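In: build me a model from this:
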Amino acid sequence: MDALEALRGEIPEAARDLKLNLQSVLESGSLTPEQTFTIAIAVAAAASAGEPRLLTALASRARQVAGEAVVEDGLAAASLMAMNNVYYRFRHQVGKAVYSDKPARLRMQRLAKPATSKAVFELACLAVSAINGCETCVKSHEAAVLAAGLSEEQVHDAVRVAAVVRGAATALVAGAALTQGAAAELATA
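Out: Residues are numbered from 1 along each chain as shown. Predicted structure coming up:
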């Protein structure tokens, strides 16, 4: 059993659907393993700050099935979208020309030169933007993915992977917190 399967086993019974969905989205659908795991790594990096084991387990599996470039691009997509989603969501939410007319002046060279492919990197950026709730970035990356020749089915599957990885990260953090809380209660009783 690898680290990812072991973590799936730790997802609390209350979140059993996520345990099953995590296996399903990582193994099926219209996405290649390279696409699936770049997205999963990006979302885990963006969403699991309280549960680093998920990122580590996904990275280990990704290296086995798709290579190191997938891990590198996943981490790069998470990092860039952490910056861009804040900036562009602000501009969109405020809606004032005084902000939207200004150049971003934010370095984003990795978007032009990913380790995998432009389409895979854009798909990971789309997935992270979806979980971060940046409408501007979601629309921009969806258009780039479609222009690169990927399908709407692949976009849909990418967002499914993002949703499940985000949910699994939440379930693992909550499960660990409850386990630690129960242990602390027993220790003080």
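In: what are the phi and psi values for the residue nearest to the spatial centre of the chain?
Out: When Cα atoms, centre = their mean is applied to the chain, the residue found nearest the centroid is residue 43 (1.2 Å). With angles defined as degrees, to the nearest 10, residue 43 sits at phi -70, psi -40.
In: so what's it up against?
Out: With contact set as Cβ atoms under 8 Å, 6 or more residues apart in numbering, residue 43 has these partners: 78, 127-128, 131, 161-162, 165-166. For every residue, glycine as well, the C-beta is placed using N, CA and C.
In: repeat that with 6 Å
Out: Shown in contact with residue 43 (Cβ atoms under 6 Å, 6 or more residues apart in numbering): 127, 131, 162, 165-166.
In: in a markdown table: those, plus pLDDT.
Out: Below are the contacts of residue 43 laid out as a markdown table (pLDDT from 0 to 100):
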| residue | pLDDT |
| --- | --- |
| 127 | 98 |
| 131 | 95 |
| 162 | 96 |
| 165 | 95 |
| 166 | 94 |
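In: and the residues you listed, which is closest to residue 142?
Out: Nearest to residue 142 among those, counting by Cβ to Cβ, is residue 127 at 10.5 Å.
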